[in-house]
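> The sequence isn't on hand, but the structure is:
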């Protein structure tokens, strides 16, 4: 009895302790299950947040490319865009692996580059249809109808990595030219998600539009896999049931990606009290680590944002300085054109008048009369070249104003023929007009006068003395078509091919030694294009040439919009 009395409290304490341990153990088991569930939910939310943040950071990079492509004064070349992307990545101190391609509206690669190499896979000139399916082409067509950034399915790229494309259209002067496809490596995009701690406890699953899965090394959609590496963190490498995952659908830039998270180990172990304390300590430490990591990350992002703002301010100042320099250059250009147009043309006209007077004088010396005639030809050619040069330069700098209106085409043709007739009489060339009834066209009067004056002068230049030039006109539902036919020296097939391509200026001597630069034809083609018309040329050597000018009868749809 005394033994029992002496140890009763020990027994009670033992029973209470055993009971408490049992209750604590049981309660801890339940708590552990709840803790694991909470831990999984937190990890999952972090993974979703990190994924979304990574995509948005990528989108910010792409948005910068979009502004650069669409708002630059001229469409940037491959080299300019390449340097711009490199500077963007350097500005944010990113080591991401990226590929960028620009394709026109026919889905043809115009240029392509990675961070350090131009056209690494020889894509330039290829059609997307050779490497992508019809439904992807349809999606790209939809891209060119919207001004939004659109996320496209991940793909196995020939560079050997899984890429995430985030594309945008290129639209300038209210016309869609094509689109740019920046592709970021998924592995570098996901660096923040696969930390040592998350890799230890969790596995992630990524599904695109509920169609197929992908990880950091491969896209599992039955397409060719260029990268033979296996992702060691791929969830199928672990014994995880489908029911162990918690999933969220993330909608980003027109696409839906399902992100799922699960524990690599699904068995919940029972723990003693001391192990409970240890788990609590580790959990608190882990939570503090996560919160501190988030705090440091926030501070780092704020610092990067300040640097980006300073960089933007610096670039704004530079752009302002460059704008001032451009204004000064434009003033210098305008002054130069004024000098050429006034101080050079006026003396040339005076020389022409003086030579005209000398030509009409009775000069007995035949050689002197020949020199005066040749000087007059040279002066006239120089004056015409100077006029064409000024018109062409004005059109190139954008100072030439396109002012279309409805006007009587016949009256313009009559005026031009009257101007050309004196030169035709000097070469004894007959000009035959078959114009017909009055026709109204919609174009710029001054530009069309310049076109017909140049084309008729060109016909005179390459027609033999006593030859013929025929001016005729016809109409269809959209155009008035003016034909200028001569029976001159014509052109060889090689010359005609070069003229069609307009690869360079076509210049040659006229039948009376007239000197030409080919600038007149270049100016004609540009003015006709500005007036939404067409120029067709046919020619045979020693048989003559025909230039056909198509002029719109009405305002075109492009001008109406």
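Thanks, I have it. As the structure is a computational prediction, the values presented were derived from the model and not from experiment. Numbering: from 1, shown residues only.

> Can you check the pLDDT for residue 20?
With respect to pLDDT, residue 20 has a value of 54.

> what residues are up against the residue nearest to the spatial centre of the chain?
The residue lying closest to the centre of the chain (C-alpha atoms, centre = their mean) is residue 170, at 4.6 Å. With contact set as C-beta atoms under 8 Å, 6 or more residues apart in numbering, residue 170 has these partners: 69-70, 75, 102, 176-180. Backbone N, C-alpha and C define where each C-beta goes, glycine included.

> Between those, which sits nearest residue 423?
Using C-beta to C-beta, residue 75 comes nearest to residue 423 of these, at 42.1 Å.

> re earlier: hmm, which of the contacts of residue 170 are the buried ones?
Of the members of these, the ones counted as buried by neighbours, 16 or more other C-beta atoms under 10 Å, are 69-70, 102, 177-180.

> Bridged to residue 182, which residues?
residue 100 (DSSP bridges).

> wait, it sits on residue 62?
Yes: contact status for residue 182 versus residue 62: in contact at 5.1 Å, counting by C-beta atoms under 8 Å.

> Spit out the residues that contact those two alike.
Common contacts of residue 182 and residue 62, defined by C-beta under 8 Å, 6+ apart, comprise residue 166.

> how's the chain carved up into domains?
With domains defined by automatic domain parsing, the chain comprises 16-269, 401-560.

> And these: which comes nearest residue 305?
Each of the domains of the chain was checked against residue 305 via C-beta to C-beta, and the shortest separation belongs to domain 16-269, namely 10.2 Å.

> any idea where the strands of the stretch 301-450 of the chain begin and end?
405-408, 430-434, 440-443 (DSSP state E, counting those that start in this stretch).

> of all those strands, which lies closest to residue 495?
It is, among the strands of the stretch 301-450 of the chain and with distance given as C-beta to C-beta, strand 430-434, at 24.2 Å.

> Give the buried residues for that closest one.
residue 431.

> For that strand, which strands pair with it and how are they oriented?
Using DSSP bridges, strand 430-434 pairs in its sheet with strand 468-475 (parallel).

> quick one: the helix or strand following the partner strand to strand 430-434, angle?
From strand 468-475 onward toward the C-terminus, using DSSP states H and E, the following helix or strand is strand 479-486. Between the direction of strand 479-486 and that of strand 430-434, the angle (axes from the mean of the first three to the mean of the last three C-alpha atoms, to 10 degrees) works out to 160 degrees.

> Quick check: next helix or strand after strand 479-486?
Sequence-wise, the next helix or strand beyond strand 479-486 is helix 493-501, with elements assigned using DSSP H and E.

> follow-up on the earlier one: can you list the buried ones among the contacts of residue 170 in a markdown table and add distance to residue 401?
Conversion of these to a markdown table gives the following (distance: C-beta to C-beta, whole Å):
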| residue | distance to residue 401 |
| --- | --- |
| 69 | 28 |
| 70 | 25 |
| 102 | 32 |
| 177 | 25 |
| 178 | 29 |
| 179 | 32 |
| 180 | 33 |
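
> Which of those residues fall within strands?
Of the positions in those, 102, 177-180 sit in strands, assigned by DSSP state E.

> hmm, which two among those are most spread apart?
Longest distance between any two of those is 10.1 Å, between 177 and 180; criterion C-beta to C-beta.

> Show me what stretch 134-141 is in contact with.
So stretch 134-141 is contacted by 103, 107, 128-129, 132, 150, 152-153, 167, 179 (C-beta under 8 Å, 6+ apart).

> Next, the buried residues of it.
For stretch 134-141, a neighbour-count test (16+ other C-beta under 10 Å) marks 136, 139-140 as buried.

> Now secondary structure, pLDDT and distance to residue 456 too, for these, in TSV please.
As requested, those are exported to TSV (DSSP: H, G, I helix; E, B strand; the rest coil; pLDDT from 0 to 100; distance: C-beta to C-beta, whole Å):
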residue	secondary structure	pLDDT	distance to residue 456
136	helix	86	53
139	helix	89	52
140	helix	92	48
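
> how about residue 169, what does it touch?
Contacts were defined as C-beta under 8 Å, 6+ apart; by that measure residue 169 touches 143-147, 176, 178-179.

> Pipe those residues into CSV and attach pLDDT and distance to residue 47 per row.
Compiled in CSV, these are given as follows (pLDDT from 0 to 100; distance: C-beta to C-beta, whole Å):
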residue, pLDDT, distance to residue 47
143, 91, 28
144, 93, 33
145, 92, 33
146, 93, 29
147, 92, 31
176, 94, 37
178, 95, 35
179, 95, 30
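
> Please spell out the ChimeraX selection for the buried subset of the contacts of stretch 134-141.
Buried members of the contacts of stretch 134-141, identified by 16+ other C-beta under 10 Å, are gathered into one ChimeraX selection as follows:
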select :103,107,128,132,150,152,153,167,179
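
> Including distance to residue 235, could the contacts of residue 169 go into CSV?
Written out in CSV, the entries for the contacts of residue 169 read as follows (distance: C-beta to C-beta, whole Å):
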residue, distance to residue 235
143, 32
144, 37
145, 37
146, 34
147, 37
176, 41
178, 38
179, 34
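
> Closest one to residue 303 out of these, please.
For those, the minimum distance to residue 303 (C-beta to C-beta) is 32.0 Å, reached by residue 147.
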